Every structure is written in structure tokens, then in C-alpha cells.
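Peer 1: the following comprises the amino acid sequence and a computationally predicted model.
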Amino acid sequence: MAGQFVSEVSDANFEQNVLKSDQPVLVDFWAAWCGPCRALAPVVDEVATQYNGKLRVMKMDVDKNSSTPSRYGIRGIPALLIFKDGKVAEQIVGFVPKEQIDQSISKVLSAPVAV
């Protein structure tokens, strides 16, 4: 399901792979039954390829993992959260054009690192 530069993340390894990452991380919260999630998947793969080396991209299946989505108030999917320094820096809910995702990523990548 995920592209070459997209990894699966779970409740069990979320803290290690996302919150403790030395790079910003985009997490795509999705489910197999969600049509807009499936429509967004190729866009997420494209983003992962484009920003490889600058941004990690991960997918979390909300049907298999419940504690992380509820911790971040995920009520609608697809939802993209961009984490930087262990905190949510940007949040995008619903199917959006790639340009909107690029804008959010650019904002996070150009923001000064918190000390």
C-alpha cells in the first residue's frame, strides 16, 4: 500500500519513530475503507519522494491503532499531521490538493528549530 519512502507506524513505535525523530515527520492517518484516504495515498507517496532526506513520511491505520489518533484528536480521516521536535506543527484534514500539503511542509521545514 505505501510507497518506497513511506513507512507504517503504530501506537507501539509512534514515540520512537515520530516524536523522537531528528527530522520532521508527516503522519498520514488513514483506513482501508476510506475512499478519500485511498485517493490521497498517491499524493502522500509523491510528497515522500519529493522531500526524501528532509521529511519522513509515515502512515497510521486508525483501525489497527486507536490510542495515537485519539491522543491527537483525529476525528476525520484522511488527516495529515506534521510533527517537528515532537510536537504537531501543522494539521491538514480531508482530501486536499498537493499544493496545500507542500505549503504546510514548506512552513515546517523553513521554521527555526525550537531550542
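Peer 2: In hand now; what should we look at?

Peer 1: what's the longest helix along the chain packed up against?
Peer 2: With secondary structure taken from DSSP state H, the chain has its longest helix at helix 35-50. Using 3 or more CB pairs under 8 Å, 6 or more residues apart in numbering; DSSP states H and E, the elements in contact with helix 35-50 are strand 6-8, strand 25-30, strand 56-61, helix 98-110. Any C-beta I mention is one placed from the backbone N, CA and C, and that applies to glycine too.

Peer 1: could you check the angle helix 98-110 makes with it?
Peer 2: With axes from the mean of the first three to the mean of the last three CA atoms, to 10 degrees defining the directions, helix 35-50 sits at 50 degrees from helix 98-110.

Peer 1: how far does helix 35-50 sit from the chain's center?
Peer 2: In terms of CA atoms, centre = their mean, to the nearest Å, the centre of helix 35-50 is found 10 Å from the chain centre.

Peer 1: for Asn65, pull up the helix or strand it's in.
Peer 2: For Asn65, there is no helix or strand it lies in under DSSP states H and E.

Peer 1: gap between it and Glu8?
Peer 2: 10 Å (CB to CB, to the nearest Å).

Peer 1: try Ile82
Peer 2: In this view, Ile82 and Glu8 are 18 Å apart by CB to CB.

Peer 1: who has more neighbours out of the two?
Peer 2: In this view Ile82 and Glu8 are compared by other CB atoms under 10 Å, and Ile82 has more residues nearby, 22 against 14.
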